[in-house]
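Engineer: Sequence and predicted structure below; questions after.
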Amino acid sequence: MTLTKRAFTAGAAAAVAALATGGPARADRVLRVGYQKYGTMLLLKARGSLDAALKPLGFRAEWREFPGGPQLLEALNARAVDFGVVGETPPIFAQGAGAPLVYLAHEPPAPKSEAIVVPKNSPIRSVADLKGKKVALNKGSNVHYLLVRALEEAGLAYTDIQTVFLAPADGRAAFDGGSIDAWVIWDPFLAAVELSSGARILQDATGLAANHQFYVGERSFTESQPQAIDAVLAAIAVIDRETNGVTEAAARELSPAIGMPVPILARALGRQSWGVAPLGPEVVAGQQRIADTFLQLGLLPRPIQVADAIRQARS
């Protein structure tokens with residue numbers, strides 16, 4: 001039985017109740033949080049609200065930044081991260097590699113937050129024009145599935161292009177330097193390249209991929225410390241409620257913390273979705289389709305069942 005909406009809400013309420021009733025005064029245990037340079041988790045970090053939520057449970061947050069979801073989940077597989085946020089594709093590859101991950105919750109779809117971009121003066125006008133071209137992406141990240149689906153819709157095979165696997169910083173350097181023809185990237189890097197270089201969006205994920213954000217946990221930590229996990233999810237829910245509809249203010253708040261201009265963050269946050277929720281059957285089925293697609297392409301080493309990695313409801 002997967003975690004239901006009622007159980008999710010009850011868990012969050014219990015975590016909030018724990019703050020009121022108190023608990024261990026000392027925060028002498030660590031919850032290692034993997035995050036990326038973007039979104040809800042950055043706001044949570046900037047405001048210090050996670051430590052406030054965890055302290056009554058005897059925990060404090062230790063924040064670890066990663067350039068992308070695959071790198072974050074490598075750390076989770078090494079038991080160096082307890083909780084993190086990633087896109088759709090990284091947990092597929094991580095589960096395929098045997099990582100002890102558990103899906104905990106997700107954010108609603110945000111298909112405009114990832115895209116294939118080309119330089120503003122590029123002769124490439126459609127995805128079909130990418131045949132034979134060099135396309136850079138962070139291997140195993142959320143945009144990997146977008147690329148596969150976009151090629152499929154354009155009548156191209158995955159092997160019709162030259163994939164170049166680069167982390168976001170290296171991808172931007174290659175894009176600016178002209179050594180690649182297109183870049184598949186997500187926000188805020190997407191917004192940054194649009195606004196700073198005039199990059200043109202060739203195709204975003206609309207109609208191709210949901211582009212959910214997933215909150216995941218390391219299995220042994222999730223099972224042994226469910227109250228701490230629930231406290232994190234409750235704190236995320238508060239941030240989502242406070243930020244939805246006021247992304248310009250959130251951009252101003254985040255800008256000095258991460259060194260990105262307000263207009264870039266405002267565009268990126270405006271394309272993000274807000275409203276953390278447990279994984280329902282439709283979301284699980286969507287993840288299974290991604291897994292099956294990568295298996296058919298020979299990119300996933302073995303079949304997986306996404307449902308096996310969903311957090312179970314607590315009795």
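Structural biologist: Looks like it came in fine. Residues are numbered from 1 along each chain as shown.
Engineer: just for the stretch 1-150 of the chain, where's the confidence low?
Structural biologist: Counting by pLDDT under 70, the stretch 1-150 of the chain contains low-confidence ranges at 1-27.
Engineer: Spell out, range by range, the helices that occur in it.
Structural biologist: 5-21, 39-47, 49-54, 69-77, 90-96, 142-153 (DSSP state H, counting those that start in this stretch).
Engineer: Tell me which of those helices sits nearest to T247.
Structural biologist: Each of these has some distance to T247 by C-beta to C-beta; the shortest is helix 39-47, at 10.4 Å. Glycine gets a C-beta too; all of them are placed from N, C-alpha and C.
Engineer: Give the buried residues for the closest one.
Structural biologist: Residues of helix 39-47 classed as buried by neighbour count (16 or more other C-beta atoms under 10 Å): 39-45, 47.
Engineer: before we move on, the earlier item: could you export the helices of the stretch 1-150 of the chain as a markdown table, including distance to T163?
Structural biologist: Output for these, formatted as a markdown table (distance: least, C-beta to C-beta, whole Å):
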| stretch | distance to T163 |
| --- | --- |
| helix 5-21 | 37 |
| helix 39-47 | 26 |
| helix 49-54 | 37 |
| helix 69-77 | 14 |
| helix 90-96 | 15 |
| helix 142-153 | 8 |
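Engineer: got the contact list for L72?
Structural biologist: For L72, the contacting residues are 34-36, 66, 81, 84-86, 90, by C-beta atoms under 8 Å, 6 or more residues apart in numbering.
Engineer: Need the max-distance pair from those residues.
Structural biologist: Greatest spacing in the contacts of L72, by C-beta to C-beta: Y35 and P90 (13.4 Å).
Engineer: Pick out whichever of the two has more residues nearby.
Structural biologist: When neighbours are counted by other C-beta atoms under 10 Å, Y35 and P90 differ, and P90 comes out ahead with 28 against 22.
Engineer: Which residue is the nearest non-sequential neighbour of the more buried one?
Structural biologist: G69 (3.3 Å; C-beta to C-beta, 6 or more residues apart in numbering).
Engineer: Now for that neighbour, how many residues are close by?
Structural biologist: Using other C-beta under 10 Å, the number of residues around G69 comes to 29.
Engineer: And the helices in the stretch 201-315 of the chain, which stretches?
Structural biologist: For the stretch 201-315 of the chain, the helices defined by DSSP H, counting those that start in this stretch cover 219-224, 226-243, 247-258, 262-271, 281-296.
Engineer: wait, which of the ones you listed is closest to A99?
Structural biologist: Ranking those by proximity to A99 (C-beta to C-beta) places helix 219-224 first, at 8.9 Å.
Engineer: Pull the residues that contact that closest one.
Structural biologist: Residues outside helix 219-224 that contact it (C-beta under 8 Å, 6+ apart): 31, 79, 82-83, 100-102, 104, 228-229, 311.
Engineer: what about 6 Å?
Structural biologist: Helix 219-224 is contacted from outside by 82, 100, 102, 229, using C-beta atoms under 6 Å, 6 or more residues apart in numbering.
Engineer: Can you name the two of those residues that sit furthest apart?
Structural biologist: Spanning the widest gap among the contacts of helix 219-224 are P100 and I229, at 14.1 Å by C-beta to C-beta.
Engineer: neighbour-wise, which of those two wins?
Structural biologist: I229 (24 against 17).
Engineer: Tell me who's in contact with the more buried one.
Structural biologist: Neighbours of I229 in contact, by C-beta under 6 Å, 6+ apart: 217, 222.
Engineer: where's it relative to W63, distance?
Structural biologist: Distance, I229 to W63, by C-beta to C-beta, to the nearest Å: 16 Å.
Engineer: Out of the contacts of L72, flag the one nearest to V306.
Structural biologist: P90 (12.8 Å).
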